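[1] Sharing a model that was predicted from the sequence below.
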Amino acid sequence: YIRQIPNIPSVSNSPGYHKMSFTQPMRDILIDWYFLRRNDSMHKHDVIPGGYTNNHKVAIDKIDLDKFPKIHSALVREMRQILEWW
């Protein structure tokens, strides 16, 4: 899975990522909702094949946002703003 890495050109003077915290709108959308829904909507994530994660060793839990379209739409709107900035 790493054979291609030497062939990927660097297009920046940085590592190519930017570590960020949640924006305030993301916090407003998610924090209270998450604590409300984590007990009744969280479930184990299936193993992701292909060696891209280690969730075959460390379990991942998730809440399926497809079941919460208003939250999903609000996050998409906020993420669009972030990605357009990026």
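    That came in fine, so what should we check first? Numbers count the residues shown, from 1 in each chain.

[2] Quick check: closest non-adjacent residue to residue 47.
    Nearest residue to residue 47 in three dimensions, chain neighbours excluded: residue 56, at 4.9 Å (C-beta to C-beta, 6 or more residues apart in numbering). For glycine as for every other residue, the C-beta is placed from the backbone atoms N, C-alpha and C.

[3] separation between that neighbour and residue 5?
    Applying C-beta to C-beta, to the nearest Å, the value for residue 56 to residue 5 is 22 Å.

[4] So which of the two has more stuff around it?
    With neighbours defined as other C-beta atoms under 10 Å, residue 56 and residue 5 compare such that residue 56 has more, 10 against 7.

[5] quick one: the more buried one and residue 71, what's the gap?
    As judged by C-beta to C-beta, residue 56 and residue 71 stand 29 Å apart.

[6] Same question for residue 52.
    26 Å.

[7] Show me which of those two is the more surrounded one.
    residue 71 (16 against 8).

[8] wait, is that one part of a helix?
    Yes: under DSSP: H, G, I helix; E, B strand; the rest coil, residue 71 falls within a helix.

[9] pLDDT value on it, please?
    Looking at residue 71, its pLDDT reads 97.
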